[in-house]
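>>> take a look and give me a structure for this.
(chains A and B)
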Protein chains: 2
Amino acid sequence: MTKKKITMEEMKNSLIAMCERAKIAAHQLSLLNSHVKNESIEGMAEALERDSQEIIEANQKDLKSGAKKGLSAAMLDRLEVTEKRIRAMADGLRLVASLEDPVGRNLSTTNRPNGLVINKISVPIGVICIIYESRPNVTADSAGLCVKAGNAVILRGGSESIHTNTAIAHILNRAGIRSGLPEGCIQLVPWIDRKAVDMLLKMDSYIDLVIPRGGESLIRTVVVQSTIPVIKHYKGVCHTFIDEKCNLDMAAKIVINAKCQRPGVCNAMETLLIHQNIAPRFAGMIGKMLIGKGVELRSDPAFQKYVPSAKLASEEDWSAEYLDLVLSVKIVPDLQSAIEHINSYGSKHSDAIVTDIRENADRFLKEVDSSTVYVNASTRFTDGGEFGMGAEIGISTDKLHARGPMGLQELTIYKYVVYGSGQCRE
Amino acid sequence: MTKKKITMEEMKNSLIAMCERAKIAAHQLSLLNSHVKNESIEGMAEALERDSQEIIEANQKDLKSGAKKGLSAAMLDRLEVTEKRIRAMADGLRLVASLEDPVGRNLSTTNRPNGLVINKISVPIGVICIIYESRPNVTADSAGLCVKAGNAVILRGGSESIHTNTAIAHILNRAGIRSGLPEGCIQLVPWIDRKAVDMLLKMDSYIDLVIPRGGESLIRTVVVQSTIPVIKHYKGVCHTFIDEKCNLDMAAKIVINAKCQRPGVCNAMETLLIHQNIAPRFAGMIGKMLIGKGVELRSDPAFQKYVPSAKLASEEDWSAEYLDLVLSVKIVPDLQSAIEHINSYGSKHSDAIVTDIRENADRFLKEVDSSTVYVNASTRFTDGGEFGMGAEIGISTDKLHARGPMGLQELTIYKYVVYGSGQCRE
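From the prediction side, this is the model:
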């Protein structure tokens, strides 16, 4: 957005100033009561709708320069902001305002023999940096969730949506401050230079958490550069395993839903595993149905016997995240092989078994090492909204702090508050 | 330990092989019931005591080469393993065996309108890498805690204790495997080359968590190098604030305890803040007591008026972790200044207020952004054992996953286990 050239030194100093403002704002935010936070978030929702023209005009600039740069139609669609999409952002904020405040919960109390009372109390994390690509709704969603959980947020969107994000952040800020939020609690990095990100990722004395959202290469870069803790998922290679005994109609419905309902998202299925004992009754049927839905099949030779038009899968196919109407399919000899396949090729995101055998379900749920494991349901449910969290800031396939959909609670941590009456250590 | 030179390539391949074994072991460990884990840990305790001579002989080698290298007396003391210290390690393991299994707890259940039942179940983290210096008891403590929580552990001790650590790890492994633990669940890196650590810290497809324990420079290096999540504390700059109204005897006892009872540990006090209104009654008295205990005082000019022998503190003193009988002291105008001082110079570890004023206590506890905040107690209580966790794997001043003392629960994460009956996403 900023047109005049600035030196690296100036950029660094400006980023430090942003971080300092964020840190002060985070402290002030942590002291606000739920009422003020909720009013502010509702005020932001209203402002987005009222000032929608400001956003749409900014968006036009991004769309034009995106078209000039040759962005694909899909990319341009993701970038586009319409009145309807602005209403959706506003409704998202209203939902966040209506959720329970995650801060100040007493998570546990320990009474020690020496009389100390130790309370574990949920508190905000502090300053959170969100690094994301294309979809401008992330600007509003992240701001709402972070503020509600008492965190200051530093937003760094993609260069292709810089005008749109700037307009949205500006409106949110103006409305937030009017309703009592501290200045600096929502800040957008104004430079599209990648070096700004590299600098931010070293500012571990100001920023407590980085959440990158976007393609795998963006996320890998963030992880390598960052000295700040990162929560992320690289990709979603989700599996459905059709066990030897199950309701075939249910299995087919789940498979079609997991693959076709929205193939471009991380909780869509990418690999179908079929037990060899049910393959004679299921493989041909599901192959036909999937092809009918326009799905390209890439399979092992065993499945090709039932569906000759399936292409032969390469080794890369088993760990591919297609995000498209493409599916890898494999026939496995037993449950054990299915579990092993998922644990070696999967991405620890979401995996399902369709079965009538209770022991097999239990074993699958226990042994598949993924953030979310399902029996007899579509993997597409891995989502903050679908989990009843109201909204989500992202999905984690890490094994630290949070796994699966991350909502408001996952944007908090705790502190120990200890009440004594003069206790000293012996 | 390994004498013959190996190439970097060979070292890397051997580390990958270790990681692969650890990953398989972690899966097998995650399926063991509490009984097998507890029996194994008790077996390890017994083996340490039975084979103590093996450890002591190995330790002699380390002590000899440590003396030759010119390690300080304090370092050599920390390195030394005696029969008594071996018994303490064994007792630590027995305590861990007696604690509740942190795996398999149902943390919450959500019943969704569509009939999905979502259980949040505690599970092991997976493969944990502990990087530590000198004290060989960390080898036994970490192994016991990790195994109990169902995690495989890769241990990387300091070069100065390589023989001792190797002997301990060997004994633990032999005993563990005999009682049913999988091979590879406790592994010690056999090379003292720093490059082995650099390589390990990039193996993010095998290792789920790194916990560095040691000096600040070790920990900073780990954070910069690692692409694996790290939990850590850099240092402990703990404060005690004496408020304007409080029991002066209690205040003095707490100050003396927090500074003098064991000055070389991270939860010892490093800075004393005194409210100006109580200074006339408290500053001179506490100065005398501290000097009587051999404490060197470094203070602001205001405190020097009461204790003229105090040295003038430099700016660095306010963020120094002395780990010694040295204390920085400052007189502050009010509670607000005390909170601001702690939040800017502290390390988010442990900080205390001594006060009779309830509102001041509440404000301090809320506004001081540290892992553990105390009213009317010594900061020395920040410890897994003192918190009733039984044992600790370390203390976190991060704001992700865990804060403060980390015990067995903090060595687990959760997964979502979802039960359906054919649900598909609309």
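
>>> minimum distance to chain B, which residue of the stretch 201-350 of chain A gives it?
Across the stretch 201-350 of chain A, the shortest distance to chain B (C-beta to the nearest C-beta) belongs to A:N257, at 3.6 Å. Any C-beta I mention is one placed from the backbone N, CA and C, and that applies to glycine too.

>>> which secondary structure element contains that residue?
Taking DSSP states H and E as the definition, A:N257 sits inside helix A:248-260.

>>> and the next helix-or-strand element following that helix, what does it pack onto?
The helix or strand immediately downstream of helix A:248-260 is strand A:269-275, counting by DSSP H and E. Strand A:269-275 sits against strand A:238-242, helix A:248-260, helix A:279-292, strand A:326-332, helix A:335-345, with contacts defined as 3 or more C-beta pairs under 8 Å, 6 or more residues apart in numbering or on different chains; DSSP states H and E.

>>> wait, A:S30 sits on A:I125?
No - counting by C-beta atoms under 8 Å, A:S30 does not reach A:I125; the two are 9.8 Å apart.

>>> who's more crowded, the two?
Each of A:S30 and A:I125 has its neighbours counted (other C-beta atoms under 10 Å in any protein chain shown); A:I125 has more, 24 against 20.

>>> for that one, phi and psi?
Torsion angles at A:I125 (phi, psi; degrees, to the nearest 10) stand at phi -80, psi -40.

>>> pretty sure it contacts A:I413?
Yes - at 5.3 Å, A:I125 counts as touching A:I413 under the criterion of C-beta under 8 Å.

>>> need the overlap of contacts for those two.
Here A:I125 and A:I413 have B:K399, B:L400 as joint contacts, going by C-beta atoms under 8 Å, 6 or more residues apart in numbering or on different chains.

>>> show me which residues of the stretch 1-150 of chain A sit near chain B.
Selection of the stretch 1-150 of chain A residues close to chain B by C-beta under 8 Å from any C-beta of the partner chain yields A:H27, A:S30, A:L31, A:T110, A:R112, A:L116, A:I118, A:I125, A:G126.

>>> swap in the stretch 201-350 of chain A?
So the stretch 201-350 of chain A meets chain B at A:204, A:208-209, A:223-224, A:227, A:229-231, A:247, A:250, A:253-254, A:256-257, A:261-262, A:343 (C-beta under 8 Å from any C-beta).

>>> who's in contact with A:L63?
For A:L63, the contact set (C-beta under 8 Å, 6+ apart) comprises A:L76, A:L79, A:E80.

>>> mind checking which of those are in helices?
Taking DSSP state H, the ones among these that sit in helices are A:L76, A:L79.

>>> could you flag which of the residues of the stretch 201-350 of chain A next to chain B are buried?
A:204, A:208-209, A:223, A:227, A:229-231, A:250, A:253-254, A:256-257, A:343 (16 or more other C-beta atoms under 10 Å in any protein chain shown).

>>> hmm, the longest strand belonging to chain A in reach of chain B?
For chain A, the strand with the greatest residue count under DSSP state E is strand A:412-423. Yes - using C-beta under 8 Å from any C-beta, we find that strand A:412-423 touches chain B at A:I413, A:Y414, A:K415, A:Y416, A:V417, A:V418, A:Y419, A:G420, A:S421, A:G422, A:Q423.

>>> surely the second one touches B:H401?
Same thing as A:Y414. No - taking C-beta under 8 Å as the definition, A:Y414 is not a contact partner of B:H401, at 10.3 Å.

>>> against which helices or strands is the longest strand of chain A packed?
Using 3+ C-beta pairs under 8 Å, 6+ apart, the elements in contact with strand A:412-423 are strand A:117-124, helix B:248-260, strand B:372-377.

>>> and with 10 Å instead?
Packing contacts for strand A:412-423, counted by 3 or more C-beta pairs under 10 Å, 6 or more residues apart in numbering or on different chains; DSSP states H and E, involve strand A:106-111, strand A:117-124, helix B:248-260, strand B:350-354, helix B:358-367, strand B:372-377, strand B:404-406.

>>> between strand B:372-377 and the fifth one, find me the angle.
With axes from the mean of the first three to the mean of the last three C-alpha atoms, to 10 degrees applied, the angle from helix B:358-367 to strand B:372-377 works out at 160 degrees.

>>> CA atoms only: put helix B:358-367 into PDB for me.
The C-alpha trace of helix B:358-367 is given here as PDB (Å, rounded to 0.1, in the frame of the first residue of the first chain):
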ATOM      1  CA  ARG B 358      -7.200  -7.400  49.000                       C
ATOM      2  CA  GLU B 359      -7.800  -5.100  45.900                       C
ATOM      3  CA  ASN B 360      -4.100  -4.700  45.500                       C
ATOM      4  CA  ALA B 361      -3.500  -8.500  45.600                       C
ATOM      5  CA  ASP B 362      -6.300  -9.000  43.000                       C
ATOM      6  CA  ARG B 363      -4.800  -6.300  40.700                       C
ATOM      7  CA  PHE B 364      -1.300  -7.700  41.000                       C
ATOM      8  CA  LEU B 365      -2.500 -11.300  40.300                       C
ATOM      9  CA  LYS B 366      -4.400 -10.100  37.300                       C
ATOM     10  CA  GLU B 367      -2.000  -7.700  35.700                       C
END
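
>>> tell me which residues are up against it.
The contact list for helix B:358-367 (C-beta atoms under 10 Å, 6 or more residues apart in numbering or on different chains) reads A:27, A:30-31, A:104, A:119, A:121, A:123, A:415-419, B:241, B:243-246, B:275, B:334-336, B:338-340, B:342-343, B:351-355, B:357, B:373-376.

>>> returning to what we had before: who touches both of A:S30 and A:I125?
With C-beta under 10 Å, 6+ apart as the test, A:S30 and A:I125 both reach A:A149, A:G150, A:N151, A:A152.

>>> how distant is the helix ranked longest in chain A from the center of its chain?
Assignment by DSSP H gives helix A:8-30 as the longest helix of chain A. Here helix A:8-30 is found 25 Å from its chain centre; the criterion is C-alpha atoms, centre = their mean, to the nearest Å.

>>> my read: A:H341 touches A:L273, true?
Yes - in terms of C-beta atoms under 10 Å, A:H341 counts as a neighbour of A:L273; the distance is 6.2 Å.

>>> between those two, what contacts are shared?
Common neighbours of A:H341 and A:L273 (C-beta under 10 Å, 6+ apart) are A:H239, A:F241, A:K330, A:V332.

>>> one step back: what is the helix holding A:N257 packed up against?
On a contact count with 3+ C-beta pairs under 10 Å, 6+ apart, helix A:248-260 meets strand A:238-242, strand A:269-275, helix A:279-292, strand A:326-332, strand A:350-354, strand A:372-377, strand B:412-423.

>>> dump these into TSV; add distance to B:S161, mean pLDDT and mean neighbour count as well.
Shown next, in TSV, are those (distance: least, C-beta to C-beta, whole Å; pLDDT from 0 to 100; neighbours: other C-beta atoms under 10 Å in any protein chain shown):
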stretch	distance to B:S161	mean pLDDT	mean neighbour count
strand A:238-242	44	98	28
strand A:269-275	46	98	27
helix A:279-292	56	98	17
strand A:326-332	47	98	24
strand A:350-354	42	98	31
strand A:372-377	41	98	26
strand B:412-423	28	98	21
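
>>> what's the closest of the ones you listed to B:I56?
In terms of C-beta to C-beta, the element of the helices and strands packed on helix A:248-260 nearest to B:I56 is strand B:412-423, at 34.6 Å.

>>> got the contact list for A:G385?
Contacts of A:G385 by C-beta under 10 Å, 6+ apart are A:G92, A:L95, A:A391, A:E392, A:P405, A:G407.

>>> then A:T355?
A:241-247, A:251, A:275, A:278, A:335, A:361-364, A:375-376.

>>> now do 7 Å
A:D243, A:K245, A:C246, A:A361, A:V375 (C-beta atoms under 7 Å, 6 or more residues apart in numbering or on different chains).
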